[in-house]
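> Next come a sequence and a model predicted from it.
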Amino acid sequence: MARKSPLYYAPVKNKRFFGPTRLYSQIDWNDFLAAMREFKKQMCVWYIAPALVLKKRTRHSGFAYLGLNCLLIDAICQYYYGKREATKRDFKKFVRKHFDGSNHRFSAEIPVVINGKSNFLRDFADVLYHGVRCGILHEAHTKSYCGIAGLPKRTWTFRRKGFTKVSGRLHGFRDCPSVIIDPNRLLVQTIAVFNRYINDLRNPHQTKLRERFKRRFLWSFGIAIGREPLI
C-alpha cells in the first residue's frame, strides 16, 4: 500500500492568535529575528512560565513540572534537528549533547522491557526518555526506577540498590538500580539549554541551524519564515 502524504495546515492569519495577544497577521514572518522573538515568547507561555508557577506554588509539584520539562526538551530537539516528529533517538542524542553528565555510563545497568523486548538503560538520557518522558505520557507516572527529590549539588544521582526491586514474576525480587532526579535543577538546565539555542539561532552564521528550525516551523504552523506572502 502506498504511504499517504502528510496533511499540511496553515492559519487564517487575521483570525488566529500565535501568542496570547498577537495575531499571525501582526507578525512580520519574513523578519527572522522577529519570528524568533515570537517563538521564544510562545515557548515561555506554553512550557516555562507554567513550570515556574508550579515550582513556586508548592514544594510537592515536582512531578507536574518534570512532565512539562520533558515536553519542552521534546519540542526543542525537534526544531534543533529539523524533524517533523519527536523520536527517542533524537531526544536522547540531544540530551547527551546539551545536558551535563547525561552521557556518563551507570556503574550498573537498569533492566527494562521496551516494545516487548528485554533491554537496559545505561545513562541518564536513557532514563529521562524511557523512565520519565514516556512514563508520564504513556503510563501517567514515572517508572519505579525513577525517584523525584531535591538534591544538594546535582541534577540526578544513581543508586545501585536500596530504592527499587525488580522481577519478571510477583515473587523473587532482586535489587534494581535507581535514578533520583531533582526536577528544579533539571528545569534550570533546560531553560539554559533553550536560551542558548535561541541565541544560536540569532547568529546569522548558523545557517544550517536556522534552516532546520524553519523547516520544522513550517510543518508545525504552516508559516514559511522568510518566504511568507504578506497577506
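Cool, got the structure. If you're wondering where the values come from, they're calculated on a predicted model, not measured in any experiment.
> Contacts for the strand ranked longest in the chain, please.
Counting by DSSP state E, the longest strand found in the chain is strand 156-166. Outside of strand 156-166, the residues within contact range by C-beta atoms under 8 Å, 6 or more residues apart in numbering are 101, 106-108, 111, 124, 127, 144-145, 147, 151, 173-182, 186. C-beta coordinates here come from the backbone N, C-alpha and C atoms, glycine included.
> Report the next helix or strand after that strand in sequence order.
The helix or strand immediately downstream of strand 156-166 is strand 174-181, counting by DSSP states H and E.
> now Phe194: how far from Leu187?
In this view, Phe194 and Leu187 are 10 Å apart by C-beta to C-beta, to the nearest Å.
> residue ranges for the helices of this structure, please.
Here the chain has its helices, by DSSP state H, at 32-43, 49-57, 62-81, 88-98, 124-127, 134-139, 183-202, 207-221.
> returning to that earlier point: compare Phe194 and Leu187 and say which one has the larger neighbour count.
Taking other C-beta atoms under 10 Å, Phe194 and Leu187 do not tie; Leu187 has more neighbours (23 against 20).
> The more buried one: what's it in contact with?
By C-beta under 8 Å, 6+ apart, the contact list for Leu187 reads 51-52, 55, 65-66, 69.
> 7 Å instead, please
Residues in contact with Leu187, defined by C-beta atoms under 7 Å, 6 or more residues apart in numbering, are 51, 55, 65, 69.
> Surely the first one and Asn69 touch.
Yes. Under the contact definition of C-beta atoms under 7 Å, Ala51 touches Asn69, with a separation of 6.3 Å.
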